[in-house]
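Novice: Pasted the sequence and its predicted model underneath.
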Amino acid sequence: MLNSQFANSQAQVFADNAVAAAGADPAGRVSYVLRRVLQREPTAAEIDRGVKFVGTLVAEHQLTAEQALTLWCLAVLNSNEFLYLD
């Protein structure tokens, strides 16, 4: 699932929804994605980790904030907590 065309296109749609719902606030965007995927409130550490991930992609890899958010969405959609039930 990680790099399929379907997963990437859904991550893009998801990122667009996060921007529409949370606006320009990076922490709000990250929190929105985590809440929707994990179906629980994210911890402060999870939000901080996501904001750092997106910020690193922008600062060190010259991606736009939207491109970085799309990759964050893809990563969360491929997380163990989303893919596997306890």
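Specialist: Now that the structure is in, tell me what you want to look at. Numbers count the residues shown, from 1 in each chain.
Novice: Could you check how many residues crowd around the residue nearest to Val58 when sequence neighbours are not counted?
Specialist: Nearest residue to Val58 in three dimensions, chain neighbours excluded: Ala68, at 5.2 Å (Cβ to Cβ, 6 or more residues apart in numbering). Where C-beta positions appear, they are placed from N, C-alpha and C, glycine not excepted. Ala68 is flanked by 21 other residues according to other Cβ atoms under 10 Å.
Novice: Hmm, Ala68 is touching Lys52, no?
Specialist: No. Shown here, Ala68 and Lys52 do not form a contact pair, counting by Cβ atoms under 8 Å, at 11.0 Å.
Novice: rewinding a little: who touches the residue nearest to Val58 in this structure?
Specialist: Phe53, Val54, Gly55, Leu57, Val58, His61 (Cβ atoms under 8 Å, 6 or more residues apart in numbering).
Novice: I'd like to know which of the residues you listed are part of helices.
Specialist: Phe53, Val54, Gly55, Leu57, Val58, His61 (DSSP state H).
Novice: can you list the residues you listed in CSV and add distance to Ser31?
Specialist: Formatted as CSV, those follow (distance: Cβ to Cβ, whole Å):
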residue, distance to Ser31
Phe53, 13
Val54, 12
Gly55, 15
Leu57, 18
Val58, 18
His61, 22
